[in-house]
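Asks: Test case, fold it:
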Amino acid sequence: MKLLDVVRSAVTGRQRIISQGRSIPSLPRQFQNASQRLLWGVVLFLVSSASLAAPFAYITNYVGGGGSNTVTVIDVATNAIVSTIAVGSSPYGVAADPSGQFVYVTNQAGNSVSVIDNASFTVVDTIAVGLSPIGVAVNATATRVYVANLGDNNVSVIDTATNTVVATVPVGMTPSGVAVNAAGTRVYVTNRGADTISVIDTATNTVSATITVGFFPVGVAVNPAGTRAYVTNSGVNTVSVIDTALNAVIATLPVANVPWNVTLNPAGTFVYVSLPGNDEVLVIDAATNAVVDTIIAGDGPYGVDVTPDGTTLYVAHSISGNVLAVDTTTNLVTATIPGVPNGAAFGEFIAPAAPAAVAAVPVPSLNLWGLILLSGLMALAVLYTQRRSDSGRT
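Replies: Just a heads-up that it's a prediction; the model follows:
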């Protein structure tokens, strides 16, 4: 019998006793208090268990390099593949809603964005955007999604309340990567064909600045404080560091072969850059702009993202069909997850756990929650029996 069935049976039995006019014996006060504490403990445990569910990694399987027009979902608590979701044609970019409700995937050959429900792992909407969408990003309040349309030289602005495009912003030639600052006031777009970054003012949906960077910029990430933006210049093997107050490059870091994607840890202390040309991921100290470690990352590492707690870096591969989990303390690979065809995962692909009500959490029989409640009830029954026995002797 499932735990919920036990609870329902107990409630039904109590109602039957009341309807027959019989009284229900009450526990002594000390046991009433104990039972109340147990009940609240169980409730708090259930709530915390629901809210502390693990995040999921969404890996786009880009069909242009042998993928499958799907998104692979990995539970980062177990490093197990929990779902494979069919999306549009040639999925490439991915952005997770910071609230954990939805994940947005660009379908490059489908000129669309698939909206995935993070709780059910199903596509709940498909939004038409511009030609050949690549990068995608969501603002911190999850009210706007920004999509770089490589073939149209513009950015689509999506209202998440209606899943419709509410603005189209012209930017530079062949836009690729997109990042939004934490305040939601600025969007940074890499323009591959122009060697520039377009800075979009989100209040007006217009370009407020254009910053010259290196040759063929692809990836872009903004630190949590919003003071620095990092750009991978794939054609010249450098990373540009931008002061966002000045809208100017303040450092250019030489790196190895074909820097592609870039991300930061939640604290903003380390920058991670994928190097598919060298099969490595670089670790850069954000305070000194110095490379402090190199992670050997297998064949063709492209997508990189860090879990919300900052403990694990995930690396998606386009060649090996694997996803790596890397301990950010030691920068050592702790798990290799196979079965991911041509993982592109361009963007912030790790979604926080979906918000869920306790009632929505499945409760199988004799699981941990059931054992906790059952143990508590048995303990109370023993104490109550002992108390009645002691009273009878006096």
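
Asks: Let's check: the centremost residue of the protein is which one?
Replies: Ala351 (1.6 Å; CA atoms, centre = their mean).

Asks: Please report the distance of the closest residue in space to that one that isn't next to it in sequence from Ala353.
Replies: Once flanking residues are discounted, Ala351 sits nearest to Ala96: 3.6 Å by CB to CB, 6 or more residues apart in numbering. No exception for glycine: its C-beta is placed from N, CA and C like everyone else's. Computed as CB to CB, to the nearest Å, the Ala96 to Ala353 distance reads 11 Å.

Asks: again with Thr60
Replies: With CB to CB as the criterion, Thr60 and Ala353 are 20 Å apart.

Asks: quick one, which of these two is more surrounded?
Replies: Higher neighbour count among Thr60 and Ala353: Thr60, with 34 against 19, using other CB atoms under 10 Å.

Asks: Show me what Val138 is bridged to.
Replies: Assessed by DSSP bridges, Val138 has beta-bridge partners Val145.

Asks: correct me, but it touches Val105?
Replies: No - using CB atoms under 8 Å, Val138 is not in contact with Val105, being 11.7 Å away.

Asks: all helices in this structure, in order from the N-terminus.
Replies: 3-19, 29-51, 368-393 (DSSP state H).

Asks: where's stretch 226-238 relative to the chain centroid, distance-wise?
Replies: Its chain's C-alpha centre and that of stretch 226-238 lie 22 Å apart, by CA atoms, centre = their mean, to the nearest Å.

Asks: In that stretch, which residues are buried?
Replies: Within stretch 226-238, the residues scored as buried using 16 or more other CB atoms under 10 Å are Gly226, Arg228, Ala229, Tyr230, Val231, Thr232, Asn233, Ser234, Val236, Asn237, Thr238.

Asks: Kindly report the same for stretch 123-143.
Replies: Under 16+ other CB under 10 Å, the buried positions of stretch 123-143 are 123, 125, 127, 129-130, 132-139, 142.

Asks: What's the mean pLDDT across that stretch?
Replies: What stretch 123-143 shows for mean pLDDT is 98.

Asks: same check, this time on stretch 353-373
Replies: Rounded mean pLDDT across stretch 353-373 is 49.

Asks: Equivalent analysis for stretch 260-278, please.
Replies: On average, stretch 260-278 scores 97.

Asks: what about it, start to end distance?
Replies: 11 Å (CA to CA, to the nearest Å).

Asks: Name the residues of that stretch that come out as buried.
Replies: Buried residues in stretch 260-278 (16+ other CB under 10 Å): 260-265, 268, 270-278.

Asks: of all the residues you listed, which two lie farthest apart?
Replies: The distance between the two most remote of the buried residues of stretch 260-278 (CB to CB) is 26.6 Å, for Gly268 and Gly277.

Asks: Now do the same contact list for the closest residue to Asp152 other than its chain neighbours.
Replies: Leaving aside its sequence neighbours, Asp152 sits nearest to Gly130 (CB to CB, 6+ apart; 3.8 Å). With contacts defined as CB atoms under 8 Å, 6 or more residues apart in numbering, Gly130 is in contact with Asn111, Val147, Asn149, Gly151, Asp152, Asn154, Ser156, Thr168.
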